[in-house]
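Student: Sequence below, structure please.
(one chain, ligands or ions: 1)
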Amino acid sequence: MTTRDAEIETSPRILPVPKAAEPQVRWPDPARPRDYSGHRIIGARHPGRLAGTLFAAVVIIAVLQSILTNSRWEWDVFAEWFFAEPVISGLGRTLLLTVIGSALGFLLGTALALARVSKSPLLSGLAWGYIWLLRSIPLIVLLLILFNLGYLYETVWLGIPFTDVVFAEYPTVALLGPFAAAILGLSLNQAAFSAEIIRGGILSVDQGQLEAAAALGLPRSRQALRIVLPQAMRAILPTAFNEIIGLAKGTSIIYVLALPELFYTVQVIYRRNLAVIPLLMVATVWYLIIMTGLSVLQFYVERHFARGALRTLPPTPIQRLRAWRAGRVAAPVPVELENHNPLPLPTVVPKPAIPAPAAWQQPTGATGEVQIHRVSKSFGALKVLDDISLTVPSGDVTVILGPSGSGKSTLLRSINHLEKVDSGFVTIDGDLLGYREKGDTLYELKEAEILKRRVDVGMVFQTFNLFPHLTVLENVIEAPVTVRRQSKAAATQDALALLARVGLSDKAHAYPRRLSGGQQQRVAIARALALKPKVLLFDEPTSALDPELVGEVLDVIRDLARSGTTMVIVTHEIGFAREVADTVVFMDSGRILEQGPPSQVFTAPKHARTAEFLAKVL
Ligand SMILES: Nc1ncnc2c1ncn2[C@@H]1O[C@H](COP(=O)(O)OP(=O)(O)OP(=O)(O)O)[C@@H](O)[C@H]1O
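Tutor: Residues are numbered from 1 along each chain as shown. Below is the predicted model of the structure:
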């Protein structure tokens with residue numbers, strides 16, 4: 001054996017892996033997709049689910065067998081009384097008390113909830129006191145007091161308090177019979193509970209929604225009925241239906257007034273014929289039928305108010321049934337398909353060469369010069385705006401820059417009076433927004449008048465604040481129709497043109513939650529423009545967007561800047577500011593440290609703090 005041979009013998013031997021040991025991987029040939037049509041498909045097995053189903057079946061069969069075979073249930077007596085005349089009339093009374101009690105209760109409850117959130121401390125206090133009192137008194141006590149009210153007040157009169165003027169007078173006993181006392185007692189009691197449910201719903205609506213509605217100049221009543229309450233309904237409905245179901249069962253308490261509603265009626269019957277169980281079952285089955293009806297109603301009402309909140313609506317039982325008969329699983333329904341009478345979409349998308357629509361242009365004669373004169377504002381001890389003066393010439397684009405917390409957003413919100421300043425004032429084309437001038441006195445305007453004047457100033461928020469329960473088109477036409485009193489057809493035509501301009505014609509009937517952030521912000525811009533404002537305010541319009549969506553929003557704003565709209569923009573997009581701004585304003589600690597054209601502020605800032613800030617962000 002040579003030395004070389006010995007080396008080979010002692011060193012570890014690396015042998016090639018035999019070919020047969022290689023895993024047999026066969027890559028599918030993309031040119032020839034495999035054909036699985038001949039394969040048998042076996043579904044996944046779920047032994048746990050199968051055991052659960054068997055258990056449920058055994059329980060159901062055992063319960064049914066015990067109910068149907070035990071003769072003591074006396075189903076023949078049940079059948080005899082189920083549709084008997086006194087039972088049906090008791091049932092009718094139960095239903096009437098439930099419907100009227102719920103309707104009046106929720107009506108009064110809505111008024112009480114709005115009073116509770118009112119800015120008047122006395123009104124809010126009165127509503128609180130009512131709720132406190134009525135929730136504390138047992139219903140049975142309230143019913144008996146109302147029934148005996150004639151003892152306390154012999155007559156009920158209508159007239160002017162603290163005077164002898166009386167328009168009408170009635171004996172209390174004649175007015176408050178057992179049925180009227182029952183209706184009144186149930187409604188008053190229901191109102192106290194529903195007020196808190198409704199208030200909870202109102203509080204659940206995002207503050208930004210109210211700000212957006214106020215920025216569009218929508219009247220307070222419209223804000224409440226069109227924007228807040230429909231959104232609050234999502235939170236209100238489940239608990240409200242609980243209350244209604246509770247009331248339907250709770251009507252049995254009016255036995256204290258000897259009113260023969262369903263339960264009282266069956267009690268009277270079984271005391272006579274001693275068939276207690278079958279008659280209790282008569283009442284139970286009728287209550288089950290009422291509750292089932294209410295549950296179905298709840299499903300449809302909740303589904304109606306879910307439009308816009310859910311991307312897809314759950315299929316209705318009828319849709320499920322149809323799908324089941326067709327042998328497939330019912331798919332969730334895209335919310336757009338549920339829209340009633342959707343307005344037609346334009347078939348032709350205008351190209352940029354087509355002249356801008358009327359809604360895109362400033363109204364003739366509008367100039368939109370903003371004057372901010374010695375404005376100061378504090379939040380508690382913190383002075384957020386400190387004696388600020390600034391002029392935004394008409395048609396100019398002013399960009400406000402500054403570190404976080406320097407007061408940029410507060411200044412912007414002061415321009416349209418969303419923030420009320422402590423001193424100083426703001427004018428648009430010489431008109432004060434929040435005040436009326438008489439001689440040398442300024443009278444603060446009521447909110448309704450401020451809302452009307454606010455339509456001259458459009459605002460686009462950082463978080464879009466689109467109304468989620470309204471479609472894109474409904475969002476855009478809401479203010480022109482309500483505030484500018486434009487016809488719906490004209491407002492729709494303008495809105496579709498604006499949506500085409502921001503590249504969203506095909507989204508007119510979509511709900512905002514189905515859009516990307518950039519698309520939502522473009523809708524928000526179209527919505528602000530629909531009022532043909534003299535001035536547009538942008539509060540960090542791109543900072544809530546993913547980086548790749550920023551460009552599409554900036555393109556729209558850039559386009560607007562070229563069209564000569566007066567704009568004030570708070571932004572951190574320095575490159576964009578350099579490109580579009582006529583004037584750059586730098587703020588710090590509630591003061592304007594410097595302002596000037598971008599070429600000067602960005603290249604040769606006068607103030608050291610500006611230079612320091614720019615060095616950090618550039
Ligand atoms: N409603 C309010 N109540 C109390 N303090 C407030 C209120 N609104 C704003 N502030 C305070 O005022 C200061 C200025 O806020 P503002 O939102 O105007 O700053 P900003 O310059 O826009 O900041 P950012 O760039 O971070 O948005 C901050 O310190 C903020 O906490």
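Student: Up against the ligand, what does the chain have?
Tutor: Applying Cβ under 6 Å from any ligand atom, we find that the chain lies next to the ligand at 379, 382, 384, 402, 404-410. Just so you know, the C-beta spots here come from the backbone N, C-alpha and C atoms, and that holds for glycine as well.
Student: For these, give me CSV that also has pLDDT.
Tutor: Listed next are the residues of the chain next to the ligand as CSV, based on pLDDT from 0 to 100:
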residue, pLDDT
379, 90
382, 91
384, 94
402, 92
404, 91
405, 91
406, 93
407, 94
408, 94
409, 93
410, 94
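Student: For those, work out which two are farthest apart.
Tutor: Farthest pair in the residues of the chain next to the ligand (Cβ to Cβ) is 379 and 402. Separation: 17.0 Å.
Student: For those two, work out which one has more neighbours and name it.
Tutor: Higher neighbour count among residue 379 and residue 402: residue 402, with 23 against 10, using other Cβ atoms under 10 Å.
Student: The spatially closest residue to that one that is not a sequence neighbour in helix, strand or coil?
Tutor: Once flanking residues are discounted, residue 402 sits nearest to residue 587: 3.7 Å by Cβ to Cβ, 6 or more residues apart in numbering. Applying DSSP: H, G, I helix; E, B strand; the rest coil to residue 587 yields a three-state assignment of strand.
Student: ok, residue 587 touching residue 411?
Tutor: Yes - judged on Cβ atoms under 8 Å, residue 587 makes contact with residue 411 at a distance of 7.1 Å.
Student: what touches both of the two?
Tutor: residue 400 (Cβ atoms under 8 Å, 6 or more residues apart in numbering).
Student: what does the helix or strand where residue 81 lies contact?
Tutor: Element membership of residue 81 [criterion: DSSP states H and E] is helix 75-82. With Cβ under 8 Å, 6+ apart as the test, helix 75-82 has contacts from 68, 87, 266, 269, 273, 275, 278-279, 281-282, 285.
Student: and those, which are buried?
Tutor: 87, 266, 269, 275, 278-279, 281-282 (16 or more other Cβ atoms under 10 Å).
Student: Give the residue spans of the stretch 401-550 of the chain that score low on pLDDT.
Tutor: Nowhere does the stretch 401-550 of the chain drop to pLDDT under 70.
Student: At which residues are the helices of it located?
Tutor: 408-415, 447-453, 472-482, 488-501, 517-529, 547-562 (DSSP state H, counting those that start in this stretch).
Student: For residue 173, find the nearest of the ones you listed.
Tutor: helix 447-453 (44.9 Å).
Student: And the contacts of the closest one?
Tutor: 214, 217-220, 417, 431, 433-434, 436, 445, 483.
Student: Tell me which residue of the stretch 51-200 of the chain lies closest to the ligand.
Tutor: residue 119 (15.6 Å; Cβ to the nearest ligand atom).
Student: what's the burial count for that residue?
Tutor: Around residue 119 there are 7 residues (other Cβ under 10 Å).
Student: wait, is it part of a strand?
Tutor: No - using three-state DSSP, the assignment for residue 119 is coil, not a strand.
Student: can you give me phi and psi for it?
Tutor: Torsion angles at residue 119 (phi, psi; degrees, to the nearest 10) stand at phi -80, psi -10.
Student: State the distance from it to residue 200.
Tutor: The spacing between residue 119 and residue 200, counted by Cβ to Cβ, to the nearest Å, is 19 Å.
Student: residues touching the residue nearest to residue 402, list them.
Tutor: Per Cβ under 8 Å, 6+ apart, neighbours of residue 587: 400-402, 406-408, 411, 593.
Student: swap in residue 168?
Tutor: 157-159.
Student: one step back: could the contacts of helix 75-82 go into a markdown table alongside pLDDT and distance to residue 252?
Tutor: Putting these into a markdown table (pLDDT from 0 to 100; distance: Cβ to Cβ, whole Å) gives the following:
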| residue | pLDDT | distance to residue 252 |
| --- | --- | --- |
| 68 | 86 | 27 |
| 87 | 95 | 14 |
| 266 | 92 | 10 |
| 269 | 93 | 15 |
| 273 | 91 | 20 |
| 275 | 90 | 19 |
| 278 | 93 | 18 |
| 279 | 93 | 14 |
| 281 | 94 | 15 |
| 282 | 95 | 14 |
| 285 | 94 | 15 |
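Student: ok, the contacts of residue 168 vs residue 48, which is closest?
Tutor: For the contacts of residue 168, the nearest to residue 48 is residue 158 (68.3 Å; Cβ to Cβ).
Student: nearest residue to residue 281 other than its sequence neighbours?
Tutor: Per Cβ to Cβ, 6+ apart, closest to residue 281 is residue 78, 5.3 Å.
Student: Return the distance of that neighbour relative to residue 162.
Tutor: Counting by Cβ to Cβ, the gap from residue 78 to residue 162 is 60 Å.
Student: Which one's more surrounded, the two?
Tutor: With neighbours defined as other Cβ under 10 Å, residue 78 and residue 162 compare such that residue 78 has more, 18 against 6.
Student: pLDDT value on that one, please?
Tutor: Note for residue 78: predicted pLDDT of 93.
Student: sorry, back to before: sort out for me which of the contacts of residue 168 are in helices.
Tutor: Among these, none falls in helices (DSSP state H).
Student: Which ones among these lie within strands?
Tutor: In this view, these that belong to strands under DSSP state E are 157-159.
Student: Can you lay out those as a markdown table showing neighbour count?
Tutor: Output for the ones in strands among the contacts of residue 168, formatted as a markdown table (neighbours: other Cβ atoms under 10 Å):
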| residue | neighbour count |
| --- | --- |
| 157 | 12 |
| 158 | 10 |
| 159 | 12 |
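Student: Cheers, nothing more for now.
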